[in-house]
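In: Fold the following and give me the result.
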Amino acid sequence: MTTPATTLRPGDQLASTACGTRVVVIRAPATDGQPRLTCAGEPMVPASTAPQTKAPGSGTLIGKRYVDSTGTLELLCTASGAGELACDGTPMTIKAAKPLPASD
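Out: As a prediction, this is how the structure comes out:
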């Protein structure tokens with residue numbers, strides 16, 4: 001987010017200003033200091049105010065969940081784009097699927 005006064009909440013929809021990436025916040029940190037989210041090096045903005053941009057590429061994948069290095073922030077990609085998601089300058093990674101329990 002671009003200002004420290006903006007608080008991330010689950011359900012918030014964000015969009016990239018550099019490519020077509022759009023995400024929904026699944027889990028947000030419960031701290032006073034909010035993370036700085038970027039995509040392709042540009043800040044993420046509320047989806048309602050973002051320009052409609054399309055850029056070819058596969059930086060983000062639709063339907064995948066992305067987490068920060070601490071695991072406190074989780075985003076769901078709803079529209080793919082060419083940029084890479086980052087939290088406070090550190091690239092976010094795709095969340096690994098939980099293994100299913102063995103059925104005996």
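
In: Sketch out the strands for the chain, chain order is fine.
Out: 13-16, 22-27, 37-39, 42-46, 65-67, 74-79, 85-87, 90-91, 93-94 (DSSP state E).

In: Now do the contacts for the most centrally placed residue in the chain.
Out: Per Cα atoms, centre = their mean, the C-alpha nearest to the average position across the chain is that of Leu75, at 4.3 Å. Contact analysis of Leu75 by Cβ atoms under 8 Å, 6 or more residues apart in numbering lists Leu14, Val23, Val24, Val25, Ile26, Leu37, Arg65, Tyr66, Val67, Leu85, Met92. Every C-beta, even on glycine, is put in place using the N, C-alpha and C of the backbone.

In: The same query, at a cut-off of 10 Å, please.
Out: Going by Cβ atoms under 10 Å, 6 or more residues apart in numbering, Leu75 touches 8, 12, 14, 21-28, 37, 39, 44, 60, 64-68, 85, 87, 92, 95.

In: And the buried ones among these, selectable in ChimeraX?
Out: To isolate the buried members of the contacts of Leu75 in ChimeraX, using 16 or more other Cβ atoms under 10 Å:
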select :8,12,14,21,22,23,24,25,26,27,28,37,39,44,60,65,66,67,68,85,87,92
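
In: on that earlier part again, of the strands of the chain, which is nearest Ser103?
Out: Across these, Ser103 has its closest neighbour in strand 65-67 (24.9 Å, Cβ to Cβ).

In: Quick check: neighbours of the closest one in the sheet, parallel or antiparallel?
Out: According to DSSP bridges, strand 65-67 forms sheet pairs with strand 74-79 (antiparallel), strand 93-94 (antiparallel).

In: okay, those strands, which one's buried deepest?
Out: strand 74-79 (a mean of 19; mean count of other Cβ atoms under 10 Å).
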